[in-house]
Structure formats: C-alpha cells, structure tokens
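# only geometry, no sequence info:
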C-alpha cells in the first residue's frame with residue numbers, strides 16, 4: 001500500500017472510531033478536519049472503504065437516503081451506506097496509532113497523525129514530535145546551505161521566497177520545541193506525584 005493510501009486508511013479508521021458515518025459525511029470530515037485530504041474525491045475514498053470492508057475492518061449498514069441525492073425524486077434516491085468500525089478495525093487502528101517511524105514525520109502524514117494525538121500514547125507522541133523536529137532541522141540546514149551558495153545569483157523575489165520558506169520551517173521547529181517541552185513537563189509532573197502520607201490524613205474524623 002502506497003504512502004498516500006496508507007494515511008487515508010489511517011484517517012478513515014480514526015474518524016470511524018469516533019462514530020459510524022456514511023461516505024458523504026466521512027468525506028466532509030476528511031476535507032474539513034484533515035486538510036491534507038481537501039482535494040480528495042469520492043473516486044479516491046470509496047475504493048479505500050471497499051478495501052477496508054473486504055479486510056473485515058469495517059461493516060456496511062443501510063441507512064436512509066443519500067444526503068448528496070436529497071434533491072432527486074424520492075423513488076430515485078439511493079440508500080446511503082453507513083460505515084462502522086469492527087473490533088478488528090479498532091485493533092488495526094491501534095496498531096497504526098502505535099507506529100512512530102519516519103513515515104509519521106513526513107509533511108502530510110504528520111498533520112494527520114497530529115490530529116489523532118488525543119488517542120495516542122505519550123511515548124509515541126514524543127517519538128513522532130522529536131522525529132518531526134529532527135527532520136525539519138535537517139531540512140533547515142540544507143536550506144541555509146543552499147541559500148549561502150546561491151545568494152549572489154538570486155534576484156530579490158527569489159531570495160525573499162527562499163527566506164519565507166526558511167522562516168516557515170523555523171516557526172514549526174519553535175512550535176515543536178514548545179510541544180515537546182510541554183509533553184516532558186507533563187510526564188515529569190506525573191512521575192513526581194507520590195501517594196499521600198497516611199500520617200497526614202485528618203485525625204479528627
């Protein structure tokens with residue numbers, strides 16, 4: 001499975017874990033909540049859904065008339081199919097959620113993975129955030145080296161475009177630093193928590 005179809009599988013399973021949806025609603029959620037899929041069409045989504053059903057990760061249930069055909073005559077309306085996550089599908093999503101390798105750090109993958117951080121374990125979140133930061137720091141170093149080599153040959157507008165690109169990467173690195181520090185602070189706080197001393201309990205009860 002290609003990278004693009006793999007992240008679509010992850011997103012579909014994750015959204016359906018929240019609640020069952022029909023295809024039209026699922027596509028809207030992909031477009032509005034996960035911007036990387038803004039240009040995705042039914043032609044991309046439905047083959048993915050069919051594959052997930054065949055693998056036993058989703059079930060299809062007949063709902064009401066399709067929302068996108070609501071303006072058609074009643075007799076011609078298609079019944080919409082509601083997709084529901086199975087127990088096996090939930091296990092598959094948990095497997096994908098636990099992955100923290102280089103694919104999770106890539107530009108479009110990271111945004112989708114981050115959207116499901118609320119369901120991701122702290123250790124995996126940290127590995128993904130640190131991996132993303134490392135990837136961007138490498139990219140920033142290459143951009144600076146390239147700019148240093150070619151600065152004298154660039155016109156003002158090309159130079160500004162390259163500077164803008166570098167500033168965007170620098171902003172994301174700072175944002176990642178803040179997230180990583182926040183994650184570490186939360187972890188350290190929980191590690192520092194100790195059970196209350198029984199001797200400190202109110203003895204007047």
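Great, that's in hand. Quantities reported herein were computed from a predicted structural model and do not represent experimental measurements. Residues are numbered from 1 along each chain as shown.
# Please count neighbours and contacts with C-alpha atoms only from this point.
OK.
# Report all helices and strands that the helix of greatest length in the chain contacts.
In the chain, taking DSSP state H as the definition, the longest helix is helix 156-192. Here helix 156-192 touches helix 122-150, going by 3 or more CA pairs under 8 Å, 6 or more residues apart in numbering; DSSP states H and E.
# domains of this protein?
Annotated domains of the chain cover 3-69+77-103, 121-190 [automatic domain parsing].
# Export these to a markdown table and append columns for mean pLDDT.
Output for the domains of the chain, formatted as a markdown table (pLDDT from 0 to 100):
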| stretch | mean pLDDT |
| --- | --- |
| domain 3-69+77-103 | 84 |
| domain 121-190 | 92 |
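# Make CSV out of the ones you listed and add distance to residue 111.
Compiled in CSV, those are given as follows (distance: least, CA to CA, whole Å):
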stretch, distance to residue 111
domain 3-69+77-103, 8
domain 121-190, 11
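# looking at these, which is buried most?
By mean neighbour count, with neighbours taken as mean count of other CA atoms under 10 Å, domain 3-69+77-103 ranks first of those at a mean of 16.
# Go ahead and measure how far it is from the middle of the chain.
Centre-to-centre, domain 3-69+77-103 and its host chain are 13 Å apart (CA atoms, centre = their mean, to the nearest Å).
# And stretch 164-171, by the same measure?
For stretch 164-171, the distance to the chain centre is 21 Å (CA atoms, centre = their mean).
# Other residues contacting it?
The contact list for stretch 164-171, computed with CA atoms under 8 Å, 6 or more residues apart in numbering, reads 136, 140, 143-144.
# Output those as a markdown table; include the columns distance to residue 112.
What follows is these, written out as a markdown table (distance: CA to CA, whole Å):
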| residue | distance to residue 112 |
| --- | --- |
| 136 | 17 |
| 140 | 22 |
| 143 | 25 |
| 144 | 28 |
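# Of those, just say which sits nearest to residue 162.
Ranked by distance to residue 162 (CA to CA), the contacts of stretch 164-171 are led by residue 143 at 8.0 Å.
# Next, work out how far apart the nearest residue to that closest one once chain neighbours are set aside and residue 150 are.
Excluding the flanking residues, the one nearest residue 143 by CA to CA, 6 or more residues apart in numbering is residue 166, at 6.9 Å. Distance of residue 166 to residue 150, given as CA to CA, to the nearest Å: 15 Å.
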